[in-house]
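Chemist: Sequence plus predicted model, see below.
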Amino acid sequence: MRLPPKRKKRIILIRHGRTYMNEYLSQPGTEWGDPNFTDIFPPHESDKYYRDSPLSPTGRSQAQNLAQSLLTASDDDDDVKTDLLKSIDLIVVSPLERTLQTAHIALPPHLLFLSPSTVPRVALPLAAERLYLVSDLGSHRCDLMERYPYIDFESEMAGKDVWWYTSDVPQEEWRPSGEGQVYACAGEPEVAFRTRMN
């Protein structure tokens, strides 16, 4: 009896859609590191648009376009064409709001709402980018679990309600400074970032 050939594992990386912070940073005079740059906003704006920055309307549209592309994508493996979405074994997502929203909009409901044993969906803090600005501060795990109950926030984040970089020790400022730049939070030093990645 001849066994079917093993299917190759494939990793598909998807970048999140455009965020409100991306839009802010694209305006003249507000680019990263500009003199007088700041990521401090009035509290009602910061909480809604910039802290753990969600997708902007443009970002939501990008995620919807991705959803359409994924519906017709195929996986050509050894001359056998299969529906790409049917070959997904695992979904890993950063616990940042923008990535969770992108996954929620772009992935079809059958992948998100199937039994976790069919296609596990795991939030992985290691998939989060380095903390530079207020937009990279995460949301508390308990809040994420409420908003995205179909994502596993326990396997990799158990007991870590605050899962993003924090430090009680004052750090030397490594981001552009000296020309009036003011930041809303401490940035993640390279040593801390490398330690987190290892």
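Modeler: Alright, I've got the coordinates.
Chemist: how far away is Glu172 from Asn198?
Modeler: Distance, Glu172 to Asn198, by Cβ to Cβ, to the nearest Å: 22 Å. Quick note: C-beta positions are derived from backbone N, CA and C, even for glycine.
Chemist: Now do the longest helix that the chain contains, average pLDDT.
Modeler: For the chain, the helix that runs over the most residues, judged by DSSP state H, is helix 57-72. Helix 57-72 shows a mean pLDDT of 92.
Chemist: elements contacting it?
Modeler: helix 97-106 (3 or more Cβ pairs under 8 Å, 6 or more residues apart in numbering; DSSP states H and E).
Chemist: pull the CA atoms of the helix it packs on into PDB?
Modeler: Coordinates of each C-alpha in helix 97-106 appear next as PDB, following Å, rounded to 0.1, in the frame of the first residue of the first chain:
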ATOM      1  CA  GLU A  97      -5.400  45.000  18.700                       C
ATOM      2  CA  ARG A  98      -4.400  45.800  15.100                       C
ATOM      3  CA  THR A  99      -3.400  42.200  14.400                       C
ATOM      4  CA  LEU A 100      -6.400  40.700  16.100                       C
ATOM      5  CA  GLN A 101      -8.700  43.000  14.100                       C
ATOM      6  CA  THR A 102      -6.900  42.100  10.900                       C
ATOM      7  CA  ALA A 103      -7.400  38.400  11.600                       C
ATOM      8  CA  HIS A 104     -11.000  38.900  12.600                       C
ATOM      9  CA  ILE A 105     -11.800  40.700   9.400                       C
ATOM     10  CA  ALA A 106      -9.500  38.800   7.000                       C
END
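Chemist: And the next helix or strand past it?
Modeler: helix 109-113 (DSSP states H and E).
Chemist: In this structure Asn36 contacts Gln181, no?
Modeler: Yes. Asn36 is within contact range of Gln181, at 6.9 Å (criterion: Cβ atoms under 8 Å).
Chemist: of these two, who's got more company?
Modeler: Gln181 (17 against 10; other Cβ atoms under 10 Å).
Chemist: hey, which helix or strand in the protein has the poorest pLDDT?
Modeler: The weakest-scoring helix or strand in the chain, judged by mean pLDDT, DSSP states H and E, is strand 80-83 (a mean of 58).
Chemist: Now do the helix or strand following that strand: everything it contacts.
Modeler: The helix or strand immediately downstream of strand 80-83 is strand 91-93, counting by DSSP H and E. Residues outside strand 91-93 that contact it (Cβ atoms under 8 Å, 6 or more residues apart in numbering): 99-100, 103, 107, 111, 119-124, 127, 151.
Chemist: Check stretch 158-175 too.
Modeler: 33, 95, 125, 128, 130-132, 136-138, 140-142, 157, 181, 183, 186-190, 192-193, 196.
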